[in-house]
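Trainee: my questions concern the predicted model and sequence given below.
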Amino acid sequence: MKPACMTDDEWADWNEPILGRRPGGHPCFDCPLDFHREQRAAGTCDGFPRHDGGRRPTYQPEEATARRRQSWRESNARIRARRRGVAA
């Protein structure tokens, strides 16, 4: 998938074999943070740079916490329902 910050020519250059090998990874992994911030502010960035060793999540930490809590609640509700079914 072509990043929004790249032109068609840049994308073609990125995908061109280098010394007979395909380029490794996605272009966003090599994106400098300053360029990422500029492109994000301009509305032409749809990716995340790998500045911390991996891709950044597309959701906020508060949302992740809420998702984990909801999953935990649903899991506990299933466990309680099974226990009631076994005890009955």
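Mentor: Received, thanks.

Trainee: which regions of this protein lie under the pLDDT threshold?
Mentor: 18-25, 50-61, 86-88 (pLDDT under 70).

Trainee: now do the domain split for it, please.
Mentor: Per the record, the chain has its domains at 1-56, 57-88, by automatic domain parsing.

Trainee: now the longest one, how far from the chain's geometric center?
Mentor: What that stands for is domain 1-56. 13 Å (C-alpha atoms, centre = their mean, to the nearest Å).

Trainee: which of the domains of the chain has the highest mean neighbour count?
Mentor: Among the domains of the chain, domain 1-56 has the highest mean neighbour count (mean count of other C-beta atoms under 10 Å), at a mean of 12. The C-beta positions use only the backbone N, C-alpha and C, and glycine is treated the same way.

Trainee: other SSEs contacting the longest helix seen in the chain?
Mentor: Looking across the chain with DSSP state H, the single longest helix is helix 61-87. On a contact count with 3 or more C-beta pairs under 8 Å, 6 or more residues apart in numbering; DSSP states H and E, helix 61-87 meets no helix or strand.

Trainee: which residues touch the host helix or strand of Arg37?
Mentor: Following DSSP states H and E, one finds Arg37 within helix 33-42. Applying C-beta atoms under 8 Å, 6 or more residues apart in numbering, the set of residues contacting helix 33-42 from outside is Ala4, Cys5, Cys45, Phe48, Pro49, His51.

Trainee: so which of those belong to helices?
Mentor: Under the assignment DSSP H, the contacts of helix 33-42 contribute nothing to helices.
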